[in-house]
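J.: got a predicted structure here, sequence first:
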Amino acid sequence: MFDNLCKFLAESFSEDYAAWLLGRPIKLTKLSPTELSLEPIRADSLILEQSEDLVLHLEFQTEPDPTMGFRMLDYRVRVYRRFPQKTMHQFVIYLKPSSNDLVYQDSFQVGETVHRYQVIRLWEQPSETFLQSPGLLPLAVLTQTSDPALKLREVATALDQIEDNRVKANLMAATSVFGGILLAPELIKTILRSEIMKESAVYQEILEEGKIAGKLEGRLEGKLEGRLEAKLETIPLLKKLGLTIVEIAKELDIDVELVNRFVANQNN
């Protein structure tokens, strides 16, 4: 879900992300990996956007990845093959605090070939820029702070000032999911208004993913357990959106006690 949310934000608010990363609010359009000459290594985490003269490559990561350097080099070569005249800017953006040396790696070397890219660790970033741009608001809770709950309240205040209810709902749902990296769902629910989030495309996508996965697993396994397992895996995301146990059971059409047992097991 983090991959899908990052893609949604970067594609829906491309000018905000360009202003943050490139220093100017360039209008960018999605560049599909299929436009490159080879199949992508990991299309699920890849974000490519372009203008007439540049390509912006983003990789959002929750955990360190030892293959990251090679992937960045690989995509640089692929884009050069397809668009040799375009400048390419590459960023790896780490969401979750980590002391692993890999989150400081910003180059890849093989033989005499050295490729460099830029790395951003959100927990080291000042919050001001994120609080001033709508598309960056969901990430603000992950920026530099000694009190994530207080930062989430600042984000909530900024979200309330957005007049477009559809945009507000989507950003609020995304904020809730990212906030779950640092904060308990119960606390998030006291700060963000879950009734607004239920109208968002993000919320609907989470539900739909659970339903589709359930149908697919059921077909593959040929039994009810497959569909149920997929629904249960959706519960943590719905909790991050602030739903109660009763609301989750209703949305997924499963027994309340089953949800209770799953949540209890997750907490142990």
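T.: Noted; the coordinates are in hand.
J.: from here on, just use CA atoms for contacts and neighbour counts.
T.: Fine.
J.: against residue 134, how distant is residue 176?
T.: According to C-alpha to C-alpha, to the nearest Å, residue 176 stands 15 Å off from residue 134.
J.: over to residue 253?
T.: Here the criterion is C-alpha to C-alpha. By it, residue 253 lies 34 Å from residue 134.
J.: and what of residue 103?
T.: 26 Å.
J.: residue 114 too?
T.: 36 Å.
J.: of these two, who's got more company?
T.: Regarding residue 114 and residue 134, a neighbour count based on other C-alpha atoms under 10 Å identifies residue 134 as having more, with 20 against 10.
J.: can you pull the contacts of that one?
T.: By C-alpha atoms under 8 Å, 6 or more residues apart in numbering, residue 134 lies in contact with 13, 16, 159, 171.
J.: can you go through these and name the buried ones?
T.: When the contacts of residue 134 are checked for burial by 16 or more other C-alpha atoms under 10 Å, the buried set is 13, 16, 159, 171.
J.: contact partners for the closest residue to the first one other than its chain neighbours?
T.: In this case it means residue 13. Nearest in space to residue 13, with sequence neighbours left out and distances taken as C-alpha to C-alpha, 6 or more residues apart in numbering, is residue 135 at 5.2 Å. The neighbours of residue 135, taking C-alpha under 8 Å, 6+ apart as the test, are 9-10, 12-13, 16-17, 171.
J.: taking those residues together, which two end up most distant?
T.: 17 and 171 (14.4 Å; C-alpha to C-alpha).
J.: where along the stretch 51-200 of the chain do the strands fall?
T.: Secondary structure of the stretch 51-200 of the chain, counting by DSSP state E, counting those that start in this stretch: strands at 54-61, 87-94, 107-110, 113-116, 118-121.
J.: given the third one, what are its sheet partners and their directions?
T.: Neighbouring strands of strand 107-110 in its sheet, by DSSP bridges, are strand 113-116 (antiparallel).
J.: quick one: buried residues of the strand it pairs with?
T.: Result for strand 113-116 [16+ other C-alpha under 10 Å]: buried residues residue 115.
J.: how far away from the center of its chain is it?
T.: Once both centres are worked out by C-alpha atoms, centre = their mean, to the nearest Å, strand 113-116 turns out to sit 27 Å from its chain's centre.
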